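Engineer: need a structure here:
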Amino acid sequence: MNFKDLNVKVIYLSGPITSRQNGFRDAFKQYETALREQGYYVLNPAEQNTPYYLKGAESEEIWKYFMRESLKMMLDADCILMLPGWEDSKGAQMEYNLAQSLELPVYHSLETMGVWDY
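Structural biologist: Residues are numbered from 1 along each chain as shown. Next comes the predicted model:
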């Protein structure tokens, strides 16, 4: 999908998923809802499902699959919003470092994002 044609800012959510066995989807969904209500298009990696061929696979293989898919998703974003606890997440740290290397804006709270011109 070409998000540039939507005329909206695209935000990728980054935060702990693997380390939070339960409840991570709720945290991601809360941020997604708040941002969508402000008119942003949100890329939420917590909405991905495990493909059938990975059912029963080793947890490391599943993690690698989700990281590859999440990084592809992140590359379509205009900026990254780091969710609380991201510092303790190996995957979120990778996303943060990649965003820094690509000079994508990185925010640590909804308040620091400010208002963008379209």
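
Engineer: spatially central residue in the chain, please.
Structural biologist: The chain has Leu13 as the residue nearest its centroid, 2.9 Å off, counting by CA atoms, centre = their mean.

Engineer: is that residue in a bridge, and if so with what?
Structural biologist: Leu81 (DSSP bridges).

Engineer: start at 582 instead
Structural biologist: All right, first residue 582 from here; so that's Leu594.

Engineer: right, and it touches Cys660 too?
Structural biologist: No - using CB atoms under 8 Å, Leu594 is not in contact with Cys660, being 10.6 Å away. For every residue, glycine as well, the C-beta is placed using N, CA and C.

Engineer: if we can go back for a sec, the residue nearest to the centre of the chain and Gly672, how far apart?
Structural biologist: With distances taken as CB to CB, to the nearest Å, Leu594 is found 12 Å from Gly672.

Engineer: Glu613 should be in a helix, yeah?
Structural biologist: Yes - judged by DSSP: H, G, I helix; E, B strand; the rest coil, Glu613 forms part of a helix.

Engineer: what strand or helix carries Ile592?
Structural biologist: strand 591-595 (DSSP states H and E).

Engineer: over to Ala608?
Structural biologist: Per DSSP H and E: helix 605-618 holds Ala608.

Engineer: for that helix, name the packing helices and strands.
Structural biologist: When contacts are defined as 3 or more CB pairs under 8 Å, 6 or more residues apart in numbering; DSSP states H and E, helix 605-618 packs onto strand 591-595, strand 622-624, helix 691-694.

Engineer: how about a cut-off of 7 Å?
Structural biologist: strand 591-595, strand 622-624 (3 or more CB pairs under 7 Å, 6 or more residues apart in numbering; DSSP states H and E).

Engineer: closest to Met694 out of those strands?
Structural biologist: strand 591-595 (8.0 Å; CB to CB).
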